[in-house]
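Enquirer: Take a look and give me a structure for this.
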Amino acid sequence: MPKEHKKEAVTSILFRLVMIAVGASMAAAAIELFLVPNNIIDGGIIGISLILDYIFQHSSFLNFSTFVILLNIPFVYFGYKQIGKTFMLSSLFGIVCLAVAEQLFHSFQPFTDQPILAVVFGGFFLGLGVGLVIRYGGTLDGTEILGILMTKKLPFSVGEFVMFINVFIFSWAAFVLGAENAMYSVITYYIAFKAIDTVLQGLEETKACIIISDQHEEISDAILHRLGRGTTKLQGKGGFTNAEKDVIYAVVTRLEVTKLKAIINSIDPDAFVTIMNTQETKGGRFKSAIH
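Expert: Residues are numbered from 1 along each chain as shown. Reported below is the predicted structural model:
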């Protein structure tokens, strides 16, 4: 008999929906108050919708809100098939919020008519908004869903596929909006991309460290008492000698890496150390470090 899992609490669902709505509204504000007035676009479905909105700017029905919903529906459906119902519903909610908020911001005066300011602040707030929606389980852009589907049949990563699609989008933008605006749009996309990373990974970048040394006890004790970070000991075996030894695993912040290496080097200069980037760190007593 399959085990029944607890359903998500109502308060958790409501909080997630509120954050998706906030993210979608932030993205809409960036689009309507920074990008659209300066004929600058983003990549993906949002970028295509902005180009079509520019082409059909005299139509009352064919506008950004209509295009972003219609173009995303097929991808959200495929997302349902690949990822699940919660993702589909969260994405639909976010896309509708984006469309509605964009119409609400349409009557506001633009914040700036200086392209470089529009690029920097528009890209930043757009990335924060999109990042919030992704962080809480949805998406505003179906391009990555398409990438996940297509890369199962093509020898490309999702990132490479999305970049390939965006090359065509920005090339199209050069013909419709002009080469200069297309170049501004590429910078906007880059800033938005980095802002999304900030939301998803956080400002405090962490590093995962694997240390192999015969002095593992002393190194582990030094990391705990001199750096204030806990360690985990894993059982390992040498591939050449088959000798068993403890492997130390520790997580530190980016600013602590230099001190960690100094601690290891002072105890065992020949220790084998691997330091890797991590996407997210939570739980335990990670925040309670001493320096």
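
Enquirer: mind checking the longest helix of the chain?
Expert: helix 179-201 (DSSP state H).

Enquirer: Give me the residues contacting it.
Expert: For helix 179-201, contacts defined as C-beta atoms under 8 Å, 6 or more residues apart in numbering pick out 35, 38-43, 47, 115-116, 118-120, 122-128, 130-132, 134-135, 166, 170-171, 173-174, 177, 279-280. C-beta coordinates here come from the backbone N, C-alpha and C atoms, glycine included.

Enquirer: cool, stretch 240-251 as well?
Expert: 206-214, 216-217, 219-220, 223, 229-238, 260, 278, 281, 286.

Enquirer: PyMOL command for the buried members of those residues?
Expert: The buried residues among those can be selected in PyMOL (16 or more other C-beta atoms under 10 Å) with this line:
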select buried, resi 206+207+209+211+212+213+216+219+220+223+229+230+231+260+281
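
Enquirer: So which of the contacts of stretch 240-251 sit within strands?
Expert: Under the assignment DSSP state E, those contribute 206-212, 231-237 to strands.

Enquirer: Dump the residues you listed to TSV, plus pLDDT.
Expert: Below are those laid out as TSV (pLDDT from 0 to 100):
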residue	pLDDT
Thr206	79
Lys207	86
Ala208	90
Cys209	92
Ile210	94
Ile211	93
Ile212	91
Thr231	88
Thr232	87
Lys233	88
Leu234	87
Gln235	85
Gly236	82
Lys237	77
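
Enquirer: between those residues, which is closest to Arg16?
Expert: Nearest to Arg16 among the ones in strands among the contacts of stretch 240-251 is Thr206, at 24.3 Å by C-beta to C-beta.

Enquirer: what's across from the closest one in the sheet?
Expert: Thr253 (DSSP bridges).

Enquirer: okay but it is in contact with Thr253, surely?
Expert: Yes. Contact between Thr206 and Thr253 holds when scored by C-beta atoms under 8 Å: they sit 5.7 Å apart.

Enquirer: packing partners for the lowest-mean-pLDDT helix or strand in the chain?
Expert: Here the helix or strand of the chain ranked lowest by mean pLDDT, DSSP states H and E is helix 143-150, holding a mean of 72. Contact partners of helix 143-150 among helices and strands, from 3 or more C-beta pairs under 8 Å, 6 or more residues apart in numbering; DSSP states H and E: helix 44-55, helix 64-82, helix 158-177.

Enquirer: where does this structure have low pLDDT?
Expert: Along the chain, segments meeting pLDDT under 70 span 1-8, 82-83, 148-149, 151-152, 156-160, 201-205, 279-291.

Enquirer: Enumerate every residue touching Phe93.
Expert: Contacts of Phe93 by C-beta under 8 Å, 6+ apart are 17, 20-21, 138.

Enquirer: try 6 Å this time
Expert: Phe93 is in contact with Ile20, counting by C-beta atoms under 6 Å, 6 or more residues apart in numbering.

Enquirer: Return stretch 215-229 as PDB; C-alpha atoms alone will do.
Expert: Taking Å, rounded to 0.1, in the frame of the first residue of the first chain, the C-alpha atoms of stretch 215-229 are listed here in PDB:
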ATOM      1  CA  GLN A 215      45.400  14.200   9.900                       C
ATOM      2  CA  HIS A 216      41.600  14.200   9.500                       C
ATOM      3  CA  GLU A 217      40.900  14.300  13.200                       C
ATOM      4  CA  GLU A 218      43.100  17.400  13.800                       C
ATOM      5  CA  ILE A 219      41.800  19.200  10.700                       C
ATOM      6  CA  SER A 220      38.200  18.500  11.700                       C
ATOM      7  CA  ASP A 221      38.800  19.800  15.200                       C
ATOM      8  CA  ALA A 222      40.500  22.900  13.900                       C
ATOM      9  CA  ILE A 223      37.700  23.700  11.500                       C
ATOM     10  CA  LEU A 224      35.200  23.400  14.400                       C
ATOM     11  CA  HIS A 225      37.100  25.500  16.900                       C
ATOM     12  CA  ARG A 226      39.000  28.000  14.700                       C
ATOM     13  CA  LEU A 227      36.400  28.600  12.000                       C
ATOM     14  CA  GLY A 228      33.200  27.700  13.900                       C
ATOM     15  CA  ARG A 229      32.000  25.300  11.200                       C
END
